[in-house]
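[1] Can you look at this prediction? I've put the sequence above it.
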Amino acid sequence: MNQHQVTNRLLGGILLLMGFATLYVAKDLVLPVALGIMLALTLSPLVRMISRTGLPMPAAAALVALSTAAVVVLGIVLLSGTVSSWFDDIPRISAEMKDKLQGFAQTLQAVKEASEQVENVTSGGAATTQEAQKVVVQQPGLVTAAVSNLAGFSTSLLVGLVLALFLLSSGNMFYDKIVESLPRLNDKKRALRIIRDIEQRMSYYLLAITAINAALGLLIGIAMYLIGVPYPLVWGLVAFGLNYLPYLGGAVGTLGVAAFSLVSFDSLSYALVAPAVYFSLTSLEAQFITPVLLGIRMQMNTVSVFLSVIFWGWLWGIPGALIAVPILAVVKTVCDHIEGLSTFGNFLSVSTAQQEAAQQAAAQQEAAKQTALPKE
């Protein structure tokens, strides 16, 4: 490796770090734009299908965008009343949880006092003779921070919907602009392949995962109703939203259901039924249903998905964690079409054995479909 290549790689690394720093600082500006582009890529096949019926492209885009906004507003309305009642019940719920966990808290306190005694003995009692002054900064509560993040995400989503409406109304104008800006024919063809592939993967993933999450939320809502957990409708909607977070959403939902079950039921054994059911349904969906339905279209290994959720969650909070997987899908699609980035794309993919198994399963499904078709 010569000096010129080393310099180029160092400059590339510096530019990459500067780009991440810009994304962090300009979150309020970049996040709505990212959501708008993502929504436009997801909804564009649906807009084209409606426009084939004779409806003008702007009217089809407005219909799809307004329908999406109506669904979002309906979810917010359904949640608003229950969430406000949750805030009113937080003191009562906290008191009941303290009472039921009093024995566990006493055990922790005893362990803490024993560790402090050991520390005083090993430090020669210096800790008891001279106390350092401590400044405690009041941090916002977990619920308050979550509601604040969700409110900011709702605003960004609204701006993103408006941007998506303009992008969808323009039809193929930006695709044509991209093609016109590239000088060589091969570059034009590659750019179109990348854009179409990103559009297909993004649309398929988000629509499929939304349908899966809706079915999961319905099942969890029914299960919570049958068990007797308060607010079963809300738990269904919560499961629908949290399941967009791979691996983390199921754990957070299970803990939330466990907390409410603990204060709702007198029997500890019965209180464990609801979180067990919630965890079982989310695990079944994550391990079996989603991989089968998504198939080989979204071949990304679990480590890269998990790291992507952690990274974008750290960078942009809850909104970043929600869109981490679609962003990773876009990155992988670009890497698959550019030879210089194929090595990085290979790291994001599943193992070769998993790819071959997925391809064999897809081939078997296709063969089964062909066999089931009526012969002429």
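    All right, it came through fine. Numbers count the residues shown, from 1 in each chain.
[2] List every C-alpha atom in stretch 164-176, with coordinates, as CSV.
    Written as CSV, here are the backbone C-alpha positions of stretch 164-176 (Å, rounded to 0.1, in the frame of the first residue of the first chain):
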residue,chain,number,x,y,z
ALA,A,164,-43.0,12.0,0.8
LEU,A,165,-46.1,13.5,-0.8
PHE,A,166,-44.0,15.9,-2.9
LEU,A,167,-41.6,13.1,-3.9
LEU,A,168,-44.4,10.7,-4.8
SER,A,169,-46.2,13.4,-6.7
SER,A,170,-43.1,14.1,-8.9
GLY,A,171,-43.2,10.6,-10.3
ASN,A,172,-39.9,9.5,-11.9
MET,A,173,-38.5,13.1,-12.0
PHE,A,174,-35.7,12.5,-9.5
TYR,A,175,-34.8,9.1,-11.1
ASP,A,176,-34.5,10.9,-14.4
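[3] Surely Leu341 touches Phe347?
    No: with contacts counted by CB atoms under 8 Å, Leu341 stays clear of Phe347, the gap being 10.4 Å. Using the backbone N, CA and C atoms, a C-beta is placed for each residue, glycine as well.
[4] could you point out where the stretch 101-250 of the chain is predicted with low confidence?
    101-151 (pLDDT under 70).
[5] repeat that for 50
    Counting by pLDDT under 50, the stretch 101-250 of the chain shows low-confidence ranges at 126-140.
[6] Could you pull up phi and psi at Phe174?
    Phi and psi for Phe174, reported as degrees, to the nearest 10, are phi -70, psi -30.
[7] and the residue nearest to it when sequence neighbours are not counted, how many neighbours does it have?
    In space, and not counting its chain neighbours, Phe174 is closest to Leu167: 7.0 Å by CB to CB, 6 or more residues apart in numbering. Neighbours of Leu167 under the rule other CB atoms under 10 Å: 21.
[8] Could you pull out the buried residues of stretch 175-187?
    For stretch 175-187, a neighbour-count test (16 or more other CB atoms under 10 Å) marks Tyr175, Ile178, Val179 as buried.
[9] Looking at the residues you listed, which is nearest Tyr270?
    Nearest to Tyr270 among those, counting by CB to CB, is Tyr175 at 57.3 Å.
[10] ok, the residue nearest the centre of the chain - contacts?
    The C-alpha lying nearest the average C-alpha coordinate of the chain belongs to Leu322 (CA atoms, centre = their mean; 2.6 Å). By CB atoms under 8 Å, 6 or more residues apart in numbering, the residues touching Leu322 are Phe153, Tyr244, Leu245.
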